[in-house]
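1. Kindly generate the corresponding structure for this input.
(one chain, ligands or ions: 1)
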Amino acid sequence: MKADKVYLVGFMGAGKTSVARALGRRLDWKTEDIDERIERRERRDIRSIFRQEGEPYFRALERSEIIALLPERGVVVATGGGTFADPSSRELILRDGAVVWLDASFPTLLERLPVDGRRPLAADRLEMEQLYNQRLSAYRSAHLRIDTGRGSVEHVVDQIADWLGA
Ligand code: S3P
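-> Residues are numbered from 1 along each chain as shown. Predicted coordinates for the structure are as follows:
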């Protein structure tokens, strides 16, 4: 797969942020994190944005960050868990770069999530599992799926770099 931009998508706890940093280093590309960009721009954390403005507002912020990054090449973009489930963001992303779905079994994803209250949609386990199942069909439209359940971040990076022919 020849590409000059990679998007990492997948559920909370899949390792998008850490894989993005390590992949960026490996490819000598920049790294962008949609959640971080939103928090910087809004000067408040995601929890406050959800509480004060609601989810639709947050999804619109994600879309506008994806659009702001469209001209950028040589970049690995870590999306938030819901970014690629939003139809308009998904469409933009699929047209713009190589899309890698970082996946793991639901129990593994749960285990990896800190119970620090920073993720508004990670409060209830049953609701999270429903959300994960609802999002599967969106995640499946990624160009490559990698199981991050076993092996290190470096192993995941190796697989993506091989696929990119890098
Ligand atoms: C969300 C995932 C979070 C963050 C927000 C909403 C989701 O990102 O964007 O809390 O809808 O799954 P991570 O996947 O980086 O935790």
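
2. Helices of this protein, residue ranges please.
-> 16-27, 34-42, 46-53, 55-69, 87-96, 106-112, 125-139, 153-164 (DSSP state H).

3. Can I get the ones you listed in CSV including distance to the ligand?
-> C-betas here are computed from N, CA, C, even on glycine. As requested, the helices of the chain are exported to CSV (distance: least, CB to the nearest ligand atom, whole Å):
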stretch, distance to the ligand
helix 16-27, 6
helix 34-42, 5
helix 46-53, 5
helix 55-69, 7
helix 87-96, 11
helix 106-112, 10
helix 125-139, 7
helix 153-164, 15
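
4. In CSV, list those along with mean pLDDT and mean neighbour count.
-> Shown next, in CSV, are the helices of the chain (pLDDT from 0 to 100; neighbours: other CB atoms under 10 Å):
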stretch, mean pLDDT, mean neighbour count
helix 16-27, 97, 20
helix 34-42, 98, 17
helix 46-53, 97, 14
helix 55-69, 98, 17
helix 87-96, 98, 17
helix 106-112, 92, 15
helix 125-139, 95, 14
helix 153-164, 97, 16
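
5. Mind putting these into JSON lines with distance to M1?
-> Listed next are the helices of the chain as JSON lines, based on distance: least, CB to CB, whole Å:
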{"stretch": "helix 16-27", "distance to M1": "13"}
{"stretch": "helix 34-42", "distance to M1": "22"}
{"stretch": "helix 46-53", "distance to M1": "31"}
{"stretch": "helix 55-69", "distance to M1": "19"}
{"stretch": "helix 87-96", "distance to M1": "13"}
{"stretch": "helix 106-112", "distance to M1": "25"}
{"stretch": "helix 125-139", "distance to M1": "18"}
{"stretch": "helix 153-164", "distance to M1": "6"}
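
6. Tell me which of the ones you listed lies nearest to R118.
-> The closest of these to R118 is helix 46-53. By CB to CB, the value is 6.1 Å.

7. which helices and strands does that closest one pack with?
-> The contact analysis (3 or more CB pairs under 8 Å, 6 or more residues apart in numbering; DSSP states H and E) places helix 46-53 against helix 34-42, helix 55-69.

8. Please export the alpha-carbon coordinates of it; PDB is fine.
-> Output in PDB follows, covering the C-alpha atoms of helix 46-53 (Å, rounded to 0.1, in the frame of the first residue of the first chain):
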ATOM      1  CA  ILE A  46     -13.000  16.200  26.400                       C
ATOM      2  CA  ARG A  47     -15.000  15.400  29.500                       C
ATOM      3  CA  SER A  48     -16.000  19.100  29.900                       C
ATOM      4  CA  ILE A  49     -16.800  19.400  26.200                       C
ATOM      5  CA  PHE A  50     -19.200  16.400  26.400                       C
ATOM      6  CA  ARG A  51     -20.700  17.700  29.600                       C
ATOM      7  CA  GLN A  52     -21.100  21.300  28.500                       C
ATOM      8  CA  GLU A  53     -21.900  20.900  24.800                       C
END
